[in-house]
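> sharing a sequence plus its predicted fold:
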Amino acid sequence: MTELEAINTLLSVIGEAPIDKLSDVSVNEITDSGLARKTLQEVDRDVQAEGWCFNTEFEVSLSPDSAKEYKLPSNTLRADFSPNRYPSSQYVARGNRVYDRHLRTFEIANADEPLVIDQLVSQLEWDELPHHAQQYIAIRA
């Protein structure tokens, strides 16, 4: 299922005619197709944030940058760190960086070694999703 097909499914539910091309969501279009696309994208993000077998990776290693900070991939929806692996720190994702709640800083003390994310949930592009995920997201939307 393409994104266009999903949007046309949404439009058919409200009795609107199908479209032949995607509308641009960067502009605030007040059209049924624009609203349908925006709704599909919002539901897509919410569904993927739950973490599924197709968008979750385990034991992902991150290397520090020159500022001794660990940057998360731009498509990160959730990053979970094991308290067993790092008992003296409380790492969480804040924005696109790893934050130490215990020391209240983005600068990680042992920044010369990789940091391991136990569970990393990423947002995949629509075309990278398996068919069953696309169907579920379209139905939810």
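Received the coordinates, thanks. Computed from a prediction, not measured in an experiment: that's the story for all the values here.
> show the average pLDDT along stretch 3-18.
Stretch 3-18 comes out with an average pLDDT of 92.
> tell me how far it is from the chain's mean position?
24 Å (C-alpha atoms, centre = their mean, to the nearest Å).
> same check on stretch 91-98?
The answer for stretch 91-98 is 14 Å, by C-alpha atoms, centre = their mean.
> how about that stretch: buried residues?
Within stretch 91-98, the residues that count as buried by 16 or more other C-beta atoms under 10 Å are 91, 93, 98. Just so you know, the C-beta spots here come from the backbone N, C-alpha and C atoms, and that holds for glycine as well.
> tell me which element Arg37 falls in.
Element membership for Arg37 (DSSP states H and E) is helix 32-49.
> same for that helix, what does it pack against?
helix 3-13, strand 76-80, strand 115-122, helix 131-140 (3 or more C-beta pairs under 8 Å, 6 or more residues apart in numbering; DSSP states H and E).
> now with 7 Å?
helix 3-13, strand 76-80, helix 131-140 (3 or more C-beta pairs under 7 Å, 6 or more residues apart in numbering; DSSP states H and E).
> let's have those in TSV, adding mean neighbour count and distance to Glu113.
Below are those laid out as TSV (neighbours: other C-beta atoms under 10 Å; distance: least, C-beta to C-beta, whole Å):
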stretch	mean neighbour count	distance to Glu113
helix 3-13	17	41
strand 76-80	18	17
helix 131-140	15	35
